[in-house]
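In: need coordinates for the below:
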Amino acid sequence: MAKYMLIMRSTDEINAKYENIDFAEMVETMGRFNDELIQAGVLRAAEGLEEASDGVVVDFGGETPVVTEGAYGETKELFIGYYVLDVASRDEAVEWAKRMPMMRGAKVEIRRVPGIDEFPQDNEYVRREREWRERTGQL
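Out: A predicted model of the protein is given here:
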């Protein structure tokens with residue numbers, strides 16, 4: 001099994017299409033999909049994100065980081081949420097992504113999440129992280 005992150009990406013235009021959707025309907029629709037993931041035993045995490053205008057950007061493009069609050073200005077795509085699935089293959093992650101509801105016009109980026117075992121085990125910080133993951137029930 002391997003973990004894959006499904007990153008939901010949208011645009012301002014697509015977000016506007018869903019702006020007036022009933023919240024209860026959205027929760028019901030996404031809840032049914034989430035329940036399928038839970039029943040299949042593959043869901044590890046899932047979260048939606050607040051509006052980008054409520055976020056903060058830390059830009060490392062210059063000598064020192066610049067913090068900008070509020071709207072991002074012109075954007076082509078924004079992350080709107082994510083899932084982390086523990087599945088057998090990238091193909092299985094793709095199949096789950098293809099079933100995601102309420103994504104018409106949007107995109108889902110799929111990326112594998114490397115496990116702690118893939119990092120140098122003799123590194124002090126990798127050892128500390130492994131210990132933390134064991135203490136918190138993540139391993």
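In: in the helix or strand of the chain at the bottom of the mean pLDDT ranking, what counts as buried?
Out: Every helix and strand of the chain was ranked by mean pLDDT, DSSP states H and E. The lowest is helix 12-18, at a mean of 80. For helix 12-18, the buried set under the neighbour-count rule, 16 or more other Cβ atoms under 10 Å, comprises I14. In this view, the C-beta of every residue, glycine as well, is placed from N, C-alpha and C.
In: just list what the top helix by length along the chain packs against, helices and strands only.
Out: Looking across the chain with DSSP state H, the single longest helix is helix 23-40. If contacts are counted by 3 or more Cβ pairs under 8 Å, 6 or more residues apart in numbering; DSSP states H and E, helix 23-40 sits against strand 43-48.
In: just how off-centre is the helix or strand following the strand it packs on within its chain?
Out: As assigned by DSSP states H and E, the chain's next helix or strand after strand 43-48 is strand 56-59. Distance of strand 56-59 from its chain centroid, counting by Cα atoms, centre = their mean, to the nearest Å, is 18 Å.
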